[in-house]
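Chemist: Quick one, structure for this:
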Amino acid sequence: MLLFKLLIVILLIFIVGSLFTALYYLIKSPDNSATVVKSLSLRIGLSLFLIIMIFVGSKLGIIEPHGFGQ
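Modeler: Numbering: from 1, shown residues only. Down below sits the predicted model:
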């Protein structure tokens, strides 16, 4: 369970890192959009993987969602 949560945090760090990498390449050379698109595509892929991972972890009981106001 702790390993699963650690993997989620690591994925979030990679997602934010990919976002800032795209920003860096956008500022560094605005004419070269291929690198920015690759970086943002990686971020979208990681985000989708993270959402699927959280859904599967919730369904398998690895992580337990909790409601607000309970």
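Chemist: what about D31, which SS state?
Modeler: Three-state assignment for D31 (DSSP: H, G, I helix; E, B strand; the rest coil): coil.
Chemist: so what's it up against?
Modeler: Residues in contact with D31 (C-beta atoms under 8 Å, 6 or more residues apart in numbering): none are found. (Glycine included, C-beta is placed from N, CA and C.)
Chemist: What does it show for phi and psi?
Modeler: Per-residue torsions, D31: phi -80, psi -30 (degrees, to the nearest 10).
Chemist: from here on, count from 25
Modeler: Happy to do that; since the first residue is 25 now, the last one works out to D55.
Chemist: From Y49, how far off is it?
Modeler: As judged by C-beta to C-beta, to the nearest Å, D55 and Y49 stand 11 Å apart.
Chemist: what does L64 give?
Modeler: Counting by C-beta to C-beta - L64 and Y49 are separated by 10 Å.
Chemist: now do L43
Modeler: 11 Å.
Chemist: Kindly report the same for G41.
Modeler: G41 is 13 Å from Y49, where distance means C-beta to C-beta.
Chemist: who's more crowded, these two?
Modeler: Per other C-beta atoms under 10 Å, whichever of G41 and Y49 has more neighbours is Y49, with 19 against 14.
Chemist: K29 - how many residues pack around it?
Modeler: 12.
Chemist: so what's E88 closest to, chain neighbours aside?
Modeler: Spatial nearest neighbour of E88, chain neighbours left out: S82 (7.7 Å); criterion: C-beta to C-beta, 6 or more residues apart in numbering.
Chemist: And the host helix or strand of that neighbour, what's buried?
Modeler: Per DSSP states H and E, S82 falls inside helix 57-84. Neighbour counts over helix 57-84 (16 or more other C-beta atoms under 10 Å) mark V60, S63, L64, L66, R67, L70, S71, L74, M77, I78, G81 as buried.
Chemist: Which strands or helices does that helix pack on?
Modeler: Helix 57-84 sits against helix 26-52, with contacts defined as 3 or more C-beta pairs under 8 Å, 6 or more residues apart in numbering; DSSP states H and E.
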